[in-house]
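**Student:** this is a predicted model, with the sequence first.
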Amino acid sequence: MSRITASASGWITLIVLAFGISARAPAAEPPATQAYSTCQSWQEVLERNDLRYANVVRVSDPGTKDRPVYTGFWFFEGLQFDESSRYALAMSVDFQNRDVTPTDRGQIGYIDLQNNNKWTKIGETTAWNWQQGCRLTWRGGSQEILWNDRADDGSHFVCRAYDFKTGARRVLPRPIYDVSRDGAFALTHDFQRMKHGGTNYVGIAERSEKEIAPADIGIEKMDMNTGRLELLISLKRMAEIAFPQGYSGKTNLYFFREGWNPSGTRFIAFLKNADRPTYTGGWSISADGKDVRLFYLNPSHHAWVDDNTILEGHHFSLFKDDGSGSPLPVVDAVDANFDTTVLPGCQWFLLDTYPLKGFQYVLLYHRPSRLFVPLAKLKNTAQVGTIHRVDIHARATRDSRTVCIDSSHEGLGRQMYLIPIGNILDNPPSAIRGIRP
């Protein structure tokens, strides 16, 4: 991949990928008459050997043998693409297969594939992890790019904002986890307190390490215009709600994930500990933090379908935000833990898997026809079952016509790839059901 590098106030690299005319740009979408495969069950996806898969095109530069570069978006939440779907954010690092240390820097920038793959450097970070990167995202309703970092004096974690149009920079006082769709507010928690593999940020000591459920830390809401902070719910209050008879665990409680519903009126939050077995509870919380109810237990990978429904990847089920905690299977007999994305219109679910017998799967599920559409079966060459693994974590452009994934299938470590799906969306299974390759 050719690169034209532009300096942006001396910062090092956060990468944005853009599709267009390029040596690695995605091929044109296949003609509308071209068939693709459909499967009536998850087992069929796993067992059939005659499936027709989509094109998978690498768009990241792996560097050289002596100086490799590993690039990805790291997770499946957040806005990776701008509204035009021309620019795609990414982070690159120069090592793999070891723990992150406080001096390890992730490089942030963007690549324009419509301009000779021009790579413009905009920043760097020392606040990232193997499972979710630095929470890199476009801010909804603006031209800002957001990512987490350590403050210049190293005393705390912050969110850095870069205006894509003007180049203006600012620093918000807390890191972000999830930003509302309109870009107005972010939810956050103490990243240094998280204990399960590969999710914490290193380099800053936890301030309440000896307290099971502190009263002064929890989930905060940050105004993305002013940086104003509001503690919505403390760990102490959350523990009292979750364990009305008293918490009997041996390890500290902490918040892990938060996610706004589409309208920003409620959010889901994961409460966890590090016991064995581990407690993980998904809780539904109002935007002001006052109304709290159980969503469901043992949440894993999820996405909101609407303001009252979540798609859970573990066993592929829907959960209503009604306090029942009862799953509604999307289809029967799915023994998998999908990463889940709901495409606009809610007719399609984008899914991917951990390695299964050496392969990772990327697929669509079409709700009206109840059919799976396999997109890729990729050989995993990364570590399995460790925090250094390379998860696919599929996400889509804002117009949903292209899927982007992280993958190791070429043996180059973590790299970024595009999969065009516009033809499938334009010609859904109901129109071509029965066609097989």
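**Tutor:** Yes, it's here.
**Student:** got the end-to-end distance for stretch 315-326?
**Tutor:** One end of stretch 315-326 sits 13 Å from the other (CA to CA, to the nearest Å).
**Student:** rounded mean pLDDT for that stretch, please.
**Tutor:** Averaging pLDDT along stretch 315-326 gives 96.
**Student:** next: stretch 193-200.
**Tutor:** Stretch 193-200 carries an average pLDDT of 86.
**Student:** also stretch 270-289?
**Tutor:** Averaged across stretch 270-289, the pLDDT comes to 97.
**Student:** return the set of buried residues in that stretch.
**Tutor:** 270-273, 279-285, 287, 289 (16 or more other CB atoms under 10 Å). C-beta: built from backbone N, CA, C; applies to glycine.
**Student:** any idea how far it is from the middle of the chain?
**Tutor:** 19 Å (CA atoms, centre = their mean, to the nearest Å).
**Student:** and the end-to-end length of that stretch?
**Tutor:** Stretch 270-289 has an end-to-end distance of 14 Å (CA to CA).
**Student:** how about the CA coordinates for stretch 251-264, as CSV?
**Tutor:** Only the C-alpha atoms of stretch 251-264 are listed here, as CSV (Å, rounded to 0.1, in the frame of the first residue of the first chain):
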residue,chain,number,x,y,z
THR,A,251,-13.1,-9.7,45.0
ASN,A,252,-13.8,-6.1,44.2
LEU,A,253,-16.9,-5.1,42.2
TYR,A,254,-16.3,-3.0,39.1
PHE,A,255,-18.2,-1.7,36.0
PHE,A,256,-17.0,-3.0,32.7
ARG,A,257,-19.2,-2.0,29.7
GLU,A,258,-21.9,0.6,29.2
GLY,A,259,-24.0,1.1,26.1
TRP,A,260,-26.7,3.8,25.3
ASN,A,261,-29.9,2.7,23.8
PRO,A,262,-30.7,4.4,20.4
SER,A,263,-32.6,7.3,21.9
GLY,A,264,-30.2,7.8,24.8
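**Student:** name the single longest helix found in this protein.
**Tutor:** Counting by DSSP state H, the longest helix found in the chain is helix 235-242.
**Student:** now tell me what touches that one from outside.
**Tutor:** 212-215, 217-218, 247, 253-255, 271, 281, 283, 292 (CB atoms under 8 Å, 6 or more residues apart in numbering).
**Student:** filter these down to the buried ones.
**Tutor:** Using 16+ other CB under 10 Å, the buried ones in the contacts of helix 235-242 are 213, 214, 217, 218, 253, 254, 255, 271, 281, 283, 292.
**Student:** can you list those residues in a markdown table and add distance to residue 47 and secondary structure?
**Tutor:** Output for the buried ones among the contacts of helix 235-242, formatted as a markdown table (distance: CB to CB, whole Å; DSSP: H, G, I helix; E, B strand; the rest coil):
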| residue | distance to residue 47 | secondary structure |
| --- | --- | --- |
| 213 | 47 | coil |
| 214 | 50 | coil |
| 217 | 48 | coil |
| 218 | 46 | strand |
| 253 | 42 | coil |
| 254 | 40 | strand |
| 255 | 40 | strand |
| 271 | 38 | strand |
| 281 | 35 | strand |
| 283 | 38 | strand |
| 292 | 43 | strand |
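**Student:** between those, which sits nearest residue 304?
**Tutor:** residue 283 (14.6 Å; CB to CB).
**Student:** do you know how far the closest residue in space to the closest one that isn't next to it in sequence is from residue 163?
**Tutor:** Nearest residue to residue 283 in three dimensions, chain neighbours excluded: residue 269, at 5.2 Å (CB to CB, 6 or more residues apart in numbering). According to CB to CB, to the nearest Å, residue 269 stands 30 Å off from residue 163.
**Student:** those two: which is more packed in?
**Tutor:** Between residue 269 and residue 163, counted using other CB atoms under 10 Å, residue 269 has the larger neighbour count: 27 against 15.
**Student:** point out where the stretch 101-250 of the chain drops to low pLDDT.
**Tutor:** For the stretch 101-250 of the chain, the stretches flagged by pLDDT under 70 are 113, 117.
**Student:** can you pull the contacts of the residue of the chain positioned farthest from its centre?
**Tutor:** Most distant from the centre of the chain: residue 245, at 35.1 Å, with distances by CA atoms, centre = their mean. The contact partners of residue 245, taken as CB under 8 Å, 6+ apart, number zero.
**Student:** contacting residues for the nearest residue to residue 190 once chain neighbours are set aside?
**Tutor:** Once flanking residues are discounted, residue 190 sits nearest to residue 217: 5.4 Å by CB to CB, 6+ apart. Applying CB under 8 Å, 6+ apart to residue 217 gives the contacts 189, 190, 193, 207, 208, 231, 234, 235.
**Student:** now for the nearest residue to the third one once chain neighbours are set aside: which residues touch it?
**Tutor:** This points to residue 193. Nearest non-adjacent residue to residue 193, counting by CB to CB, 6+ apart: residue 254, 4.5 Å away. Going by CB under 8 Å, 6+ apart, residue 254 touches 189, 190, 193, 194, 195, 235, 271, 272, 273.
**Student:** give me the number of residues near the first one?
**Tutor:** Other residues lying near residue 189 total 22 when counted by other CB under 10 Å.
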